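Student: sequence plus predicted model, see below.
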Amino acid sequence: MSINRRNARRSVRILGVVSASAALALGAAGNALACNISEFSAAAECDGAKGIITVTDKDPSGTPATVSVYLENNGADERLVGEQEVKGSREGVTITFTEDWRPNATYRIHVKAGRQVDEDIKPNLVTPATACTAEETPSSPSPSETPSESAPPSTPAESDNPSPSASEGASSAPADTASNAPSPAVGDSNLAETGAGSNTGLIAGVAAALVAVGGGAVFFGMRRRGAGNNS
C-alpha cells in the first residue's frame, strides 16, 4: 500500500510540473504574439513635391490598431492630421497620411490596439530639415526656341513684301503696254494736219467730173436756144 501511495504522489508531482511548464510555455507564446508599441514606427517622407507621414505596423499577431497623427506645437496638440486603422503582419503593413509638413516640425503618433496598446510611439516624429521639392524634369525649350505650330508660315510675309522680280514685273507692265501699242506713222500725222488724206483725190476727181458735166449741159443748152432763134 505504501508503495502505491508513493507512486501516486510522484505521479501527482510529475503532472504538476508538466502543467506548470505548459502554462509557462503558453504564457511566453502569448506574450510573443501580443501586440506591442515597439512594433510600430513612423517616418516623414516626400512623394514628389508633397509631404507624407508613414506608419508601419509589424505586429505578427495582426491585431487591428487605430493610428492617430497629431501636429505638435510647444508640447501640445495643434491639430489632428488624420486617423486610420491598420492590421499589421510580420513583414509589416504601412499606412500613409498626406501632410505638407514643414521642416523640423514635430508630430505625435498615438496607437490604440484593443486592450494591449494605448500609447504614443516614442520618441515623437521630427521632420527633416529640408522641405519636399518637385522632382527635376527635363527643361522644355523656351517659346522662342520652340517653333509654334499655330504660327502662320513664312509665305504671308512674302506676300506682304513682294519679291523684287514681282515688283519689277508689276511696275514694267504699263511700259510694255505702251510699247506694244502701234504708234502713228509720220506721214499719217502730217496728212491729218494738212487735211490731205487718202480720200482727198477721189473727192477732187468727182468734183471735176461734176463740173465738166455741168459745163457740157450749159453748152448744149445754149446751142439749142441759138438754133431756135434762127428758125
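Tutor: Right, received. Where do you want to start?
Student: give me the mean pLDDT for the longest strand seen in the chain.
Tutor: Ordering each strand of the chain by length in residues (DSSP state E) puts strand 76-87 first. Mean pLDDT, strand 76-87: 96.
Student: what comes up buried for it?
Tutor: The neighbour-count check on strand 76-87 (16 or more other C-beta atoms under 10 Å) flags 81, 86 as buried. Quick note: C-beta positions are derived from backbone N, CA and C, even for glycine.
Student: which residue ranges of the chain form helices?
Tutor: All helices of the chain, identified by DSSP state H, fall at 2-33, 155-160, 164-180, 186-194, 200-230.
Student: how many neighbours does the closest residue to residue 78 other than its chain neighbours have?
Tutor: Nearest-residue entry for residue 78: residue 71, 4.7 Å, with adjacent residues in sequence omitted and distances by C-beta to C-beta, 6 or more residues apart in numbering. Residue 71 sits with 17 neighbouring residues when counted by other C-beta atoms under 10 Å.
Student: how near is residue 71 to residue 35?
Tutor: 26 Å (C-beta to C-beta, to the nearest Å).
Student: rewinding a little: what sits up against the longest strand of the chain?
Tutor: Strand 76-87 is contacted from outside by 53, 55, 57, 62-72, 93, 95, 97-99, 107-108, using C-beta atoms under 8 Å, 6 or more residues apart in numbering.
Student: mind listing the strands that strand pairs with, and their directions?
Tutor: strand 64-73 (antiparallel) (DSSP bridges).
Student: could you pull up the mean pLDDT of the strand it pairs with?
Tutor: Per-residue scores along strand 64-73 average to 97.
Student: where does this protein dip in pLDDT?
Tutor: Along the chain, the model assigns pLDDT under 70 to residues 1-33, 134-200, 227-231.
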